[in-house]
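Q: Show me how the following folds:
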Amino acid sequence: QVQLVESGGGLVQAGDSLRLSCVASGLILSRYTMSWFRQAPDKAREFVAAINWNNWRGATTYYEDSVKGRFTISRDGAENTVYLRMNSLKPEDTAVYYCAAGLVGGRSAQQYAHWGQGTQVTVSS
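A: Have a look, this model is predicted:
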């Protein structure tokens, strides 16, 4: 049974940093595209970042435009963990952040079969 458990959210001020973690069990990380999505109140869930990996290319990462240069997604295969480092946080980054795993991946939430429970990130101005 696949399980994704996020942690690391919290209340911070604008300009601060946070690192979110997603510990995966029941799957082999290298076989999946691992992504972070977020959902703010009264808004649709939106793509934030994704990472996939293969033996000859290594890791490939993708970002939503508004987080490029501020957020960094990474993975630790030995720990079966995916991270989202968030720097220069803005109030508009406030949302519940979800970890997701999909065999195909992409920017649509419908392409992911497995989801964590989410972790709240609140950025005050």
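Q: Tell me, how many residues neighbour residue 101?
A: By the criterion of other CB atoms under 10 Å, residue 101 has 24 neighbours. Every residue, glycine included, has its C-beta placed from N, CA and C.
Q: Residue 105 too?
A: Residue 105: 19 neighbours (other CB under 10 Å).
Q: Just list whatever residues bridge to the closest residue to it other than its chain neighbours.
A: Of all residues beyond its chain neighbours, the one nearest residue 105 is residue 33 (2.6 Å), with distances taken as CB to CB, 6 or more residues apart in numbering. Counting by DSSP bridges, residue 33 forms beta bridges with residue 102.
Q: Equivalent analysis for residue 18, please.
A: residue 86.
Q: Burial check on it, number of neighbours?
A: 20.
Q: which residues sit in contact with the residue nearest to residue 105?
A: Contacts for residue 33 (CB atoms under 8 Å, 6 or more residues apart in numbering) come out as 50-52, 101-106.
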